[in-house]
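In: Model the following, please.
(chains A and B, ligands or ions: 1)
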Amino acid sequence: MSDADLILVEKTKKGDNRAFEILVRRYQGRLASVISRFVSDHARVQDLTQESFIKAYRAIHSFRGDSAFFTWLYRIAVNTVKNHLMANGRHVPLSDVELSEVEDLAPQLRNSDTPERQMLRSELLENLRKAIDQLAPEMRKAIHLRDIEGLSYEEIAAVMECPIGTVRSRIFRGRQEIANQLRDFL
Amino acid sequence: MTPDTGGDMACDPELVSAFLDGELDAIIVGRVTDHLLECEECYRAMTRLAWVRDIMVDGRVLDDPAGLTRSVMAAISNEKVEPRAGFVRRLFSSDKWVLFLPLLPVGLGG
Ligand SMILES: [Zn+2]
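Out: Modelled structure (predicted):
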């Protein structure tokens, strides 16, 4: 697991809420995207994401670092979603859904979005595609290997035959350029 | 370069990006994390880079990431995690004293 998560969890346990805020910022998008696999209503996804983080905060002392922080968070979210679905009289065999499965994600339109949301989303994705196209090829490849293929920096360095520091820099500069291109959506 | 307000480390958004990926070397991870806790500039860089990473992975799910973080933090603001008391402190801060009473020297009472 990332040592940074462990450090932030330990600080949270000692009462440093800012440390927890950084964990929220780091994982809220990923958690919301997991939850949106099971719940179509957009507002409900946000609520359940929030609820999962609040539960995680209250249970933070039970996190011992045996698993990755996100894996622990993921289990809390799945239980939160389960409870929500059961309260609404629905049953979904969430135990069948593996983390690796929901992690296998790609940008795509969701059928459950309202037409307005779909339009915004397709506009964003169209601009994202353009921004990615404009990246230098080595930045584009590094970001693709990281964010889409899920490779570690070390694995990317092996694939691209360059030092890990170069991978780190390409990914950072690529993200920075995409952020600049998409600043209107930020 | 942006101002360094966090401990002995200068602002380095490239390290913030690596932090998001869980790819910081053990030797610097503590310093980068401490810096991130102190430095507003790097915190903002993190939110920007996290947003890009999230849409790269899944398109956009959250309309208002900053708003969601705020809601979570507002909800927990009144319930700070209490540092867990150690074993000895727990012994002395509870009614477990009762358990030890029979062990007190019997001569005390005369
Ligand atoms: Zn900084």
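In: Contact partners for the residue in chain A that the ion sits nearest to?
Out: The ion sits closest to residue A:22 of chain A, with a gap of 12.9 Å, by Cβ to the ion. Just so you know, the C-beta spots here come from the backbone N, C-alpha and C atoms, and that holds for glycine as well. If a contact means Cβ atoms under 8 Å, 6 or more residues apart in numbering or on different chains, then residue A:22 has A:8, B:33, B:36, B:37, B:43, B:46 as its contacts.
In: Okay, and which of these map to helices?
Out: A:8, B:33, B:36, B:37, B:43, B:46 (DSSP state H).
In: coming back round to it: return the member of the contacts of residue A:22 nearest to residue B:71.
Out: Of all the contacts of residue A:22, residue B:43 has the smallest distance to residue B:71: 17.4 Å, by Cβ to Cβ.
In: Quick one: neighbours of that closest one, just the number.
Out: 19 (other Cβ atoms under 10 Å in any protein chain shown).
In: ok, now residue A:27?
Out: For residue A:27, the neighbour count with other Cβ under 10 Å is 24.
In: any low-confidence regions in chain B?
Out: For chain B, the stretches with pLDDT under 70 are B:1-7, B:60-61, B:80-110.
In: Run through the helices of it in chain order.
Out: Using DSSP H, the helices of chain B run over B:13-20, B:26-38, B:40-58, B:65-76, B:87-92, B:97-100.
In: Also chain A?
Out: A:3-13, A:17-35, A:42-58, A:69-87, A:99-103, A:115-133, A:137-143, A:153-160, A:164-181.
In: can I get these in a markdown table with mean pLDDT and distance to residue B:28?
Out: Compiled in a markdown table, these are given as follows (pLDDT from 0 to 100; distance: least, Cβ to Cβ, whole Å):
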| stretch | mean pLDDT | distance to residue B:28 |
| --- | --- | --- |
| helix A:3-13 | 95 | 10 |
| helix A:17-35 | 95 | 16 |
| helix A:42-58 | 95 | 26 |
| helix A:69-87 | 92 | 19 |
| helix A:99-103 | 46 | 27 |
| helix A:115-133 | 89 | 29 |
| helix A:137-143 | 97 | 20 |
| helix A:153-160 | 97 | 14 |
| helix A:164-181 | 97 | 12 |
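In: Let me know which of the ones you listed is tucked in deepest.
Out: Compared across these, helix A:17-35 shows the largest average neighbour count, a mean of 23 (mean count of other Cβ atoms under 10 Å in any protein chain shown).
In: Tell me the gap between that one and the middle of its chain.
Out: Relative to its parent chain, helix A:17-35 has a centroid offset of 8 Å by Cα atoms, centre = their mean, to the nearest Å.
In: Give me the angle between that helix and helix B:13-20.
Out: Orientation check (axes from the mean of the first three to the mean of the last three Cα atoms, to 10 degrees): helix A:17-35 against helix B:13-20 gives 60 degrees.
In: what's the residue nearest the centre of chain A in contact with, if anything?
Out: The centroid of chain A falls nearest to residue A:30 when counting by Cα atoms, centre = their mean (1.9 Å). Neighbouring residues of residue A:30 by Cβ under 8 Å, 6+ apart: A:70, B:54, B:57, B:58.
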